[in-house]
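Asks: Any chance you can model this:
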Amino acid sequence: MFCGSLLKRAVPTRVLGQVKYWSTKKGAEGIIVHDETLREYVVYARDLICLMPRRTVRVGQVVEFEEGIDREGQARALRVTAAGGVPLPGEDYHGRP
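Replies: Reported below is the predicted structural model:
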């Protein structure tokens, strides 16, 4: 008999990338490019881990993320942080970092 509690969850691999595009107009979304493979990943504000309440990143910013796939099979960046796994700064509701 197999005990389900013995199953181990795979630890997601975190990778580095750079923000290629970011827009706050259409639901706050952008593109992150993987540093090694140059593959593009879609990222949404809800996937950013930030210190301030307004979740945002800047073009050119180096980030760390987990690779994922959305329902349409598109590459997604999940649990996005600054390099080293620390939260991104984000902004307050007045646009100040």
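
Asks: what does stretch 77-85 contact?
Replies: Contacting residues not belonging to stretch 77-85 are listed as 12, 14, 16-17, 32, 41-43, 47-49, 57, 61-68, 87-89 [C-beta atoms under 8 Å, 6 or more residues apart in numbering]. Yep, even glycine has a C-beta here, placed from its N, CA and C like the rest.

Asks: quick one: that stretch to chain centroid distance?
Replies: 5 Å (C-alpha atoms, centre = their mean, to the nearest Å).

Asks: in it, what's buried?
Replies: Using 16 or more other C-beta atoms under 10 Å as the test for burial, stretch 77-85 gives 77, 78, 80, 81, 82.

Asks: Return that stretch as PDB; C-alpha atoms alone will do.
Replies: Output in PDB follows, covering the C-alpha atoms of stretch 77-85 (Å, rounded to 0.1, in the frame of the first residue of the first chain):
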ATOM      1  CA  ALA A  77       6.700  34.200 -15.200                       C
ATOM      2  CA  LEU A  78       5.400  33.400 -11.700                       C
ATOM      3  CA  ARG A  79       6.400  34.600  -8.200                       C
ATOM      4  CA  VAL A  80       8.600  37.400  -9.600                       C
ATOM      5  CA  THR A  81      11.000  39.000  -7.200                       C
ATOM      6  CA  ALA A  82      14.200  41.000  -7.400                       C
ATOM      7  CA  ALA A  83      17.400  39.100  -8.000                       C
ATOM      8  CA  GLY A  84      18.300  37.000  -4.900                       C
ATOM      9  CA  GLY A  85      14.600  36.300  -4.100                       C
END
